[in-house]
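A.B. asks: take this sequence and fold it.
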Amino acid sequence: MNLIEVIKQLDLNLFLVINGLHSPFFDQFMYAVSYKMTWVPLYIAILFVLVKHWKRESIWLILALVICIVISDQVASGLLKNLVKRLRPSHVDELKDIIHLVKGYAGGMYGFASSHASNAVGFALLSSLLLKQKAYSFSIFVWAIITAYSRIYLGVHYPLDILGGAVIGALAASICYGFIYKYRPSLLKHEAYTEIERPVALVPVSVLGLSFLGIIVFSFVS
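C.D. replies: Sure thing, here's the model as predicted:
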């Protein structure tokens with residue numbers, strides 16, 4: 001067995017372990033976490049902080065976040081999925097009878113790389129670099145990790161799909177931050193922008209916490 005086959009087997013084994021650790025509560029929880037519309041309040045809260053703190057200049061930071069997501073999403077889904085053509089575990093015939101799918105959700109045909117992971121990591125990294133708040137950075141990366149993990153739990157991605165997506169997202173965020181640092185450095189260095197007011201900075205953290213609380217309550221009662 002060559003190295004590539006060893007890695008693929010380890011990837012499969014780890015996938016089966018994570019996917020096998022399921023329960024009715026976590027089925028609901030992970031499904032809700034993975035649903036993109038769940039996090040609209042979080043995105044609105046971050047837009048609020050950007051506009052509140054940077055005023056008109058916030059358009060550059062908002063544009064950077066949008067471009068970051070577009071790059072990460074299109075590289076992961078638009079390019080690599082069709083180039084690599086690695087079947088999702090949910091579409092592998094040999095696995096269909098042993099993996100756990102939630103609500104029949106199987107995703108598209110191909111899985112490498114995960115756009116959920118690339119978008120979540122890209123958004124988390126770039127927004128944390130912009131806001132520069134420890135509480136927010138910790139919270140948003142916990143969110144990104146849980147979001148990425150949910151894709152394995154739901155049976156639609158292997159761990160390597162997630163890792164590949166995370167690398168793409170991190171690179172996209174780094175590129176976008178680099179452009180801001182080079183062409184709009186005043187947004188990151190000017191005295192007026194060095195520290196966000198703590199009550200304002202905690203708005204996304206509070207929204208994120210309430211969102212997770214809502215998901216937990218929903219998962220218990222469903």
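A.B. asks: quick one: buried residues of whichever strand or helix holds residue 29?
C.D. replies: Here residue 29, judged by DSSP states H and E, is contained in helix 24-34. Buried residues in helix 24-34, defined by neighbour count with 16 or more other C-beta atoms under 10 Å: 27, 28, 29, 30, 31, 32, 33, 34. For the C-beta atoms, the positions are set from N, CA and C on the backbone; glycine is no exception.
A.B. asks: for the record, mean pLDDT for the helix or strand following it?
C.D. replies: Using DSSP H and E, the helix or strand that directly follows helix 24-34 along the chain is helix 40-54. For helix 40-54, the per-residue pLDDT values average out at 95.
A.B. asks: now for helix 40-54, which elements pack on it?
C.D. replies: In terms of contacts (3 or more C-beta pairs under 8 Å, 6 or more residues apart in numbering; DSSP states H and E), helix 40-54 is packed against helix 58-73, helix 115-131, helix 198-221.
A.B. asks: only alpha carbons, please: show the following helix or strand past the second one as CSV.
C.D. replies: On the C-terminal side of helix 115-131, the nearest following helix or strand under DSSP H and E is helix 134-153. Provided in CSV are the C-alpha atoms of helix 134-153 (Å, rounded to 0.1, in the frame of the first residue of the first chain):
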residue,chain,number,x,y,z
LYS,A,134,-9.8,38.4,21.4
ALA,A,135,-13.3,37.5,22.4
TYR,A,136,-14.6,37.8,18.9
SER,A,137,-11.6,35.9,17.4
PHE,A,138,-12.0,33.0,19.8
SER,A,139,-15.8,32.8,19.2
ILE,A,140,-15.6,33.0,15.4
PHE,A,141,-13.0,30.3,15.2
VAL,A,142,-15.1,28.0,17.4
TRP,A,143,-17.9,28.7,15.0
ALA,A,144,-15.8,27.9,12.0
ILE,A,145,-14.5,24.7,13.5
ILE,A,146,-18.0,23.5,14.5
THR,A,147,-19.3,24.4,11.0
ALA,A,148,-16.5,22.4,9.4
TYR,A,149,-17.0,19.5,11.7
SER,A,150,-20.7,19.4,11.0
ARG,A,151,-20.0,18.5,7.4
ILE,A,152,-18.2,15.3,8.4
TYR,A,153,-20.9,14.5,11.0
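A.B. asks: list the buried residues in helix 134-153.
C.D. replies: Judged by neighbour count (16+ other C-beta under 10 Å), helix 134-153 contains these buried residues: 136-137, 139-140, 143-153.
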